[in-house]
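Asker: My questions are about this predicted structure, shown below with the sequence.
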Amino acid sequence: MSDNATTTTGPWGPHHDHVEEGLAHCADYLGRLQRSLAGEIAPDRHYFTTKAAALRDAAVGLLGRARDVERWLGACDAGHGIDADGEDRPSPAERAGERADALAALATEVADGLAWATLAVDAGDDGPEVADALLDAARRLGELARGAASSAAEVTALAAGRPR
């Protein structure tokens, strides 16, 4: 057996199972969608939409797992620093990536909330829950805009070699 983990377990090294687990979640939801569309299981639209959202979430999770492994495999002291307490601190690029992931998650939540509210309005529901959902979406869109502006400034500084 080789000492080189990437040779023995492929390009994911010792983290192959971590990535494979995320892929299995995606495959599970894709299979459910295919069977639903074929009429084999729960052929209703609500089930399909719910599982499609779960597939999207699983795919986002798979991407996160792949990015985690890239960071773990590339973390050999390069780009990292130790703070005053002796704790490892992420590099500016890692912080920017984490902020981008958080903004993407927020954008997805806002999009899902707006989709639910617009479907409810189209169905004739104009109750307080819909109004609250729309107000919440407006508030969160403002939060997303502020976060995106801050992240853009951070990435611009990083690109110019001046980490914030």
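Answerer: All right, it came through fine.
Asker: residues touching the spatially most central residue of the chain, list them.
Answerer: With distances taken as CA atoms, centre = their mean, the residue of the chain nearest its centroid is residue 60 (4.2 Å). Residue 60 is in contact with 104, 105, 108, counting by CB atoms under 8 Å, 6 or more residues apart in numbering. In this view, the C-beta of every residue, glycine as well, is placed from N, C-alpha and C.
Asker: Which parts of the protein are strands?
Answerer: 81-82, 88-89 (DSSP state E).
Asker: Could you list the low-pLDDT ranges of this structure?
Answerer: Applying pLDDT under 70 to the chain picks out residues 1-9, 76-86, 163-164.
Asker: ok, now which ones touch residue 44?
Answerer: Counted by CB under 8 Å, 6+ apart, residue 44 has contacts residue 36.
Asker: Let the chain start at 846 from now.
Answerer: Got it, first residue is 846 now, which makes that one residue 889.
Asker: List phi and psi for it.
Answerer: When read as degrees, to the nearest 10, the backbone of residue 889 gives phi -90, psi 160.
Asker: Residue 939 contacts residue 917, correct?
Answerer: No - applying CB atoms under 8 Å, one finds residue 939 not in contact with residue 917, separated by 11.4 Å.
Asker: list the residues that contact both of those two?
Answerer: Applying CB under 8 Å, 6+ apart, one finds that no residue jointly contacts residue 939 and residue 917.
Asker: Switch the contacts of residue 905 over to CSV, and while doing so, append distance to residue 972 and neighbour count to every line.
Answerer: Below are the contacts of residue 905 laid out as CSV (distance: CB to CB, whole Å; neighbours: other CB atoms under 10 Å):
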residue, distance to residue 972, neighbour count
949, 30, 14
950, 28, 13
953, 25, 14
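Asker: So which of these sit within helices?
Answerer: Residues of those located in helices (DSSP state H): 949, 950, 953.
Asker: Distance check, the first one against residue 998.
Answerer: Taking CB to CB, to the nearest Å as the measure, residue 949 falls 18 Å from residue 998.
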